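Novice: pasting the sequence and the predicted coordinates here, then a few questions.
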Amino acid sequence: MARFVAHGSLRLDAVVPQEMNDRAIEVLSEGIPDVPYGTPLDQAFPEGSFARRLVELPAVAGALKSLVGPAPTVDHHAVHIREPREGNAQPLHGDAIIDVRPDAFDVQLMYYPHEVTADMGGTLSVPGSHLRRTNESDTGRYQNLRGQTRLTCPAGTVVLLHHGLWHGGRRNDSGTRRFMFKIRFNPTVPQVRLWDTSDLADPAVAEELRTGFPWYEPATGRLEIYNRVRLWRALTGDDTFDIDYWATRVANRPTIGSTA
């Protein structure tokens, strides 16, 4: 969980069985029916359907429960297809135009049913960008940022993103269609201690939350650490947690005490 808060994503390699991956191309090519915004997950996809089976896989269901809790709602979903050698790419963007919640977040599931090689233009993302507030494609003019990752992965990989992470689909230079199925989930419960917290006091947690990334500016990059502290406090319910005293000194507002 600390890694998700620091990086803005969680990657689950090859967690979808191959028999589902083999079926996925046909299912995604046909399209998956839309659902109204905010539909409860257990009502969004019919029992036995491909999408329902995907979100009920133990590794996927467990990760979703840890991040957004039980019984989330489906904000929306989409099938993204990159045609062979189509010659264009999606600009770098975040998916939350006006979403500035400091204590809650949506999660976007991205499923890749086949191997994604470098020339297939896998999803590009910028680790640690999710708490840097922007308006959707404000970052679209940036072609490359130091430390960005361009996804290559085995078939059946699922990536879970914080809704604010900067990302974009890259140009497909291969001769193969590239598929990705996305679902955005909204929490319906406070996102407080929804995961196994038995190692919450482990010093490795704070070290993970201190992680820096090459694109961070020396000074402004500290704001990312401060924002992580705020989010970690919300996720753990611990208002005393801090890293290098950043949040403590900012919250310090002494008052004149009574002398009576």
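Specialist: That came through fine.
Novice: now stretch 117-132: average pLDDT?
Specialist: Stretch 117-132 shows a mean pLDDT of 94.
Novice: partner residues bridging the residue most central in space within the chain?
Specialist: By C-alpha atoms, centre = their mean, the chain has its centre lying nearest to residue 161, at 1.0 Å. Beta-bridge partners of residue 161, counted by DSSP bridges, are residue 9, residue 108.
Novice: surely it touches residue 107?
Specialist: Yes: with contact defined as C-beta atoms under 8 Å, residue 161 reaches residue 107; the gap is 6.9 Å. C-beta coordinates here come from the backbone N, C-alpha and C atoms, glycine included.
Novice: surely residue 73 meets residue 42?
Specialist: No: in this structure residue 73 lies outside contact range of residue 42 using C-beta under 8 Å: 9.9 Å.
Novice: before we move on, back to that, where's the residue nearest to the centre of the chain relative to residue 10, distance?
Specialist: Look at residue 161 and residue 10: by C-beta to C-beta, to the nearest Å, they are 8 Å apart.
Novice: what's across from residue 82 in the sheet?
Specialist: residue 178.
Novice: okay, now the unreliable bits of the stretch 51-200 of the chain?
Specialist: Within the stretch 51-200 of the chain, the ranges that satisfy pLDDT under 70 run 96-97.
Novice: where do the helices of it begin and end?
Specialist: Applying DSSP state H, counting those that start in this stretch to the stretch 51-200 of the chain gives helices spanning 58-68.
Novice: which residues in it form strands?
Specialist: Here the stretch 51-200 of the chain has its strands, by DSSP state E, counting those that start in this stretch, at 73-82, 107-112, 124-125, 149-150, 157-162, 167-168, 178-186.
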